[in-house]
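Asks: All I have is the shape, not the residue letters:
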């Protein structure tokens, strides 16, 4: 049998300038936000931005760039910590002077919902999240953040404090022209079910996680 092919990473390309398609008030239990809808080239270049406070002048806003997770964010799965991170981010941004939460359709670290469910099947057979993605022919993480950076620029947030444990996200945003003046940890309480998932993130993907 021949050597296994290298997992595929999404091809890098220049992001289309984001086009604002809608804006509305969004009161939430975390505070009052304004929600913006942005579109780019296609369904993978769509996003919503929840903005709290004024982004004009003053200290850099607190920003979370969050990838969609149907199973976690909506269905309350504890296989991952996505919902806990989303709620923690909204709470922190709602209490900050100003901030932004970008919500992106990059399900399953960019492999899509159905492929993520296929990866779940492999995880049930004993693989970790990285092994499952690679077994399906993908890289561990195929997400890219150029479109996110262009949205932040359009909102006037070129210098930010980023809520993230992912150094790759920091790197990509800075390469796309966003200055990350501070990385703010986004580490909610660890659930026993998701502990192995988080350990894999730390050991194999370099995520900056404490206490695991």
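Replies: Great, that's in hand. Worth saying up front: this structure is predicted, and the values here are computed from it rather than measured. Residues are numbered from 1 along each chain as shown.
Asks: who's in contact with the helix or strand of the chain with the lowest mean pLDDT?
Replies: One helix or strand of the chain scores below all others by mean pLDDT, DSSP states H and E: helix 195-205, with a mean of 89. Identification of contacts with helix 195-205 by CB atoms under 8 Å, 6 or more residues apart in numbering yields 79-81, 128-130, 140-141, 165-166, 168, 190, 207-209, 212. In this view, the C-beta of every residue, glycine as well, is placed from N, C-alpha and C.
Asks: Quick check: mean pLDDT of the longest helix seen in the chain?
Replies: In the chain, taking DSSP state H as the definition, the longest helix is helix 82-95. Helix 82-95 carries an average pLDDT of 96.
Asks: list the buried ones in that helix?
Replies: Of all the residues in helix 82-95, those buried under the rule 16 or more other CB atoms under 10 Å are 82-86, 88-90, 92-94.
Asks: Surely residue 134 touches residue 128?
Replies: No - in this structure residue 134 lies outside contact range of residue 128 using CB atoms under 8 Å: 10.0 Å.
Asks: Let me see the contact set for the residue positioned nearest the centre of the chain.
Replies: The residue lying closest to the centre of the chain (CA atoms, centre = their mean) is residue 66, at 3.0 Å. Shown in contact with residue 66 (CB under 8 Å, 6+ apart): 82, 85-86, 89, 101-104.
Asks: Need the max-distance pair from the residues you listed.
Replies: 82 and 102 (14.3 Å; CB to CB).
Asks: What's the mean pLDDT across the host helix or strand of residue 182?
Replies: For residue 182, the host element (DSSP states H and E) is strand 179-184. Mean pLDDT, strand 179-184: 97.
Asks: picking that back up, of the contacts of helix 195-205, closest to residue 51?
Replies: Nearest to residue 51 among the contacts of helix 195-205: residue 166, at 22.0 Å, using CB to CB.
Asks: Next, find the distance separating the closest one from residue 70.
Replies: Distance, residue 166 to residue 70, by CB to CB, to the nearest Å: 20 Å.
Asks: on that earlier part again, would TSV of the buried residues of helix 82-95 with distance to residue 176 be doable?
Replies: Shown next, in TSV, are the buried residues of helix 82-95 (distance: CB to CB, whole Å):
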residue	distance to residue 176
82	23
83	27
84	27
85	22
86	23
88	25
89	20
90	24
92	23
93	21
94	26
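Asks: Tell me the one among those nearest to residue 158.
Replies: Nearest to residue 158 out of the buried residues of helix 82-95 is residue 93 (CB to CB; 17.7 Å).
Asks: Nearest spatial neighbour of the closest one, chain-adjacent residues omitted?
Replies: residue 99 (3.5 Å; CB to CB, 6 or more residues apart in numbering).
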